[in-house]
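1. give the three-dimensional model of this entry:
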Amino acid sequence: MTEAARIPTLSTLEGLSYGFWQMLPNYLGGLFTPNRFWFGFWSTVHPDPAAVKRIGELREKYQSDYFYLKLLGKKSLLVLDLEGIRQVLDQSPDVFAEPGIKKKGMSYFQPNALTISRGKDWQERRSFNEAVLASGQEVHPHGDQFLKIIFRETTRLHQEARQQLVWADFATLFQRITVKILFGSDLEETTLLEQLKDLMQTSNRGFALKKSSAFDDFYRELRTQLKAARPSSLAELCQQVPATENTRVENQVPHWMFAMADTLAINSARADTLAINSARTLALIVSHPEAKQAVAAEMKRVDLPSPGGINQLKYLEGCVQEAMRLWPTTPLLVRETLQPTLLGGETIPPGTQVLILNSFNHRDRKKHSFADRFAPEIWQETRSDYNFNHLSNGKQGCAGKDLALFIAKAVLAGMLKDNQYQLVGPELAPEKPLPYRYNHFQLEFATQTN
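-> This next block holds a predicted model:
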């Protein structure tokens, strides 16, 4: 490294090693929706599919929080520095925008989405998303109705699942909740969700994507449901919130659908996030006796049947945040520079991919003493921290964050208020460092009614 070059460049071998141990598991595991086989494969055969140890070794070797490397022939910059991460997220999407590969993949099932928009398009679509999702409000205007839906569906879940709860039960629960919150409490049909999932599974490959024959059918049915605009639904708000033709309302809705159904993490590109995180949160709670007791005590202190009571469940919210910190459903944030910009002491040229590695940053033992343990207490004084970007931060932070956390807490409260759970597997041992990947597809709980 010359004196003028402050940011080191990984060798070809090191770049290949990074790609194999970090990028390959993420790609095969699913760019937009989880691939069950590959997710389970890497969880089983590779103890560190997030390459946490490898990234730590590179940082120590080069004594740097920035690295250049080439991914598929494209120059990329890995940013581990907190202030660098803050700069990238605060200046997105004006300086650091979504990369072409993500735009191409998302356009296959969701063209004109907020997360792949720029300039005035982004501003208009962001305002629309914030208004419908009630960003920044402690309780959504339709919170009462949403809570009734959630409690009704969690009761129904246990009537059907009886004494055993597996991942398929969680997936069904969130599909039902999703269609009812989005389109109306009387809906049972989940065909739209299945159509969207099929489109997303194809988009996972990231190349040779052409318009699917299912695309027009999906959006035709989506427009029908939006026009129906049943009371106290997000679809109703889509009719009421000011929008122009350029807002492309129908293209904003699929992101809410896949994120909720299977954290309304609006800045996430991965499906199933709310269901996955809620299932993992339950596993963490019931496998950690102190957390289990703390959640039970907190639930007794609030008025559970009310949205205000759900909002007061701060410790339970910390448990949800921890599941996302420990196993982020968006393991990697990728941006692309639109103009020359100063970062890490150097001018970064336009067209550079910038990588924020959540899977490493969230488990960085050098910075966080609690890195590999379940620590709900760290979230009691804050809802956001640029060290942890599972819901992103900055200008492109999750527009649906408040609603996502409300739904997750309401689901868990609805499940825990009348039932006891024992984690059958996969095992989580409080006395051991938590694994870098946790296979939710294999989740199994034994249940018992209080």
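
2. show me how far whichever strand or helix holds I150 is from its chain's centre.
-> Using DSSP states H and E, I150 falls within helix 143-161. Taking CA atoms, centre = their mean, to the nearest Å, one finds the center of helix 143-161 at 22 Å from the center of the full chain.

3. return the list of helices and strands in contact with the helix or strand that comes right after it.
-> Of the helices and strands lying after helix 143-161 in sequence (DSSP H and E), the nearest is strand 164-166. In terms of contacts (3 or more CB pairs under 8 Å, 6 or more residues apart in numbering; DSSP states H and E), strand 164-166 is packed against strand 444-449. Backbone N, C-alpha and C define where each C-beta goes, glycine included.

4. got the angle for the strand it packs on vs helix 143-161?
-> 100 degrees (axes from the mean of the first three to the mean of the last three CA atoms, to 10 degrees).

5. which secondary structure elements does strand 444-449 sit against?
-> Using 3+ CB pairs under 8 Å, 6+ apart, strand 444-449 is in contact with helix 143-161, strand 164-166, helix 273-287, strand 419-425.

6. again, only using 10 Å
-> helix 143-161, strand 164-166, helix 167-183, helix 273-287, strand 419-425 (3 or more CB pairs under 10 Å, 6 or more residues apart in numbering; DSSP states H and E).

7. phi and psi next, for K104.
-> phi -60, psi -50 (degrees, to the nearest 10).

8. thinking again about what came up before, quick check: which of the helices and strands packed on strand 444-449 is buried the most?
-> helix 273-287 (a mean of 25; mean count of other CB atoms under 10 Å).

9. need the helices and strands packed on strand 444-449 in a markdown table (columns: mean pLDDT).
-> Output for the helices and strands packed on strand 444-449, formatted as a markdown table (pLDDT from 0 to 100):
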| stretch | mean pLDDT |
| --- | --- |
| helix 143-161 | 94 |
| strand 164-166 | 93 |
| helix 167-183 | 93 |
| helix 273-287 | 92 |
| strand 419-425 | 95 |
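
10. let's have the ones you listed in TSV, adding distance to N311.
-> Compiled in TSV, the helices and strands packed on strand 444-449 are given as follows (distance: least, CB to CB, whole Å):
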stretch	distance to N311
helix 143-161	8
strand 164-166	26
helix 167-183	17
helix 273-287	17
strand 419-425	22
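
11. so for V241, which of these sits nearest?
-> helix 167-183 (14.3 Å; CB to CB).

12. from the chain's centre, how far out does whichever helix or strand comes after the closest one sit?
-> Per DSSP H and E, the first helix or strand lying C-terminal to helix 167-183 is helix 191-203. Distance of helix 191-203 from the chain centroid (CA atoms, centre = their mean) equals 18 Å.

13. what's helix 191-203 packed up against?
-> So helix 191-203, by 3+ CB pairs under 10 Å, 6+ apart, packs with helix 100-107, helix 167-183, helix 213-228, helix 249-261.

14. tabulate these (TSV), appending distance to P141.
-> Compiled in TSV, the helices and strands packed on helix 191-203 are given as follows (distance: least, CB to CB, whole Å):
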stretch	distance to P141
helix 100-107	28
helix 167-183	13
helix 213-228	18
helix 249-261	16
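
15. then the helix or strand where A413 lies to CSV, C-alphas only?
-> Secondary structure from DSSP H and E places A413 in helix 401-416. Provided in CSV are the C-alpha atoms of helix 401-416 (Å, rounded to 0.1, in the frame of the first residue of the first chain):
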residue,chain,number,x,y,z
LYS,A,401,-40.7,0.7,11.5
ASP,A,402,-43.3,1.8,14.1
LEU,A,403,-46.0,-0.3,12.5
ALA,A,404,-43.6,-3.3,12.2
LEU,A,405,-42.6,-3.2,15.8
PHE,A,406,-46.3,-2.8,16.9
ILE,A,407,-47.4,-5.8,14.8
ALA,A,408,-44.5,-8.0,16.1
LYS,A,409,-45.2,-7.1,19.7
ALA,A,410,-48.9,-7.6,19.3
VAL,A,411,-48.4,-11.1,17.8
LEU,A,412,-46.0,-12.2,20.5
ALA,A,413,-48.3,-10.7,23.2
GLY,A,414,-51.3,-12.5,21.7
MET,A,415,-49.4,-15.8,21.7
LEU,A,416,-47.8,-15.5,25.2
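
16. any idea of the angle that helix forms with strand 419-425?
-> Going by the same axes, to 10 degrees, helix 401-416 makes 100 degrees with strand 419-425.
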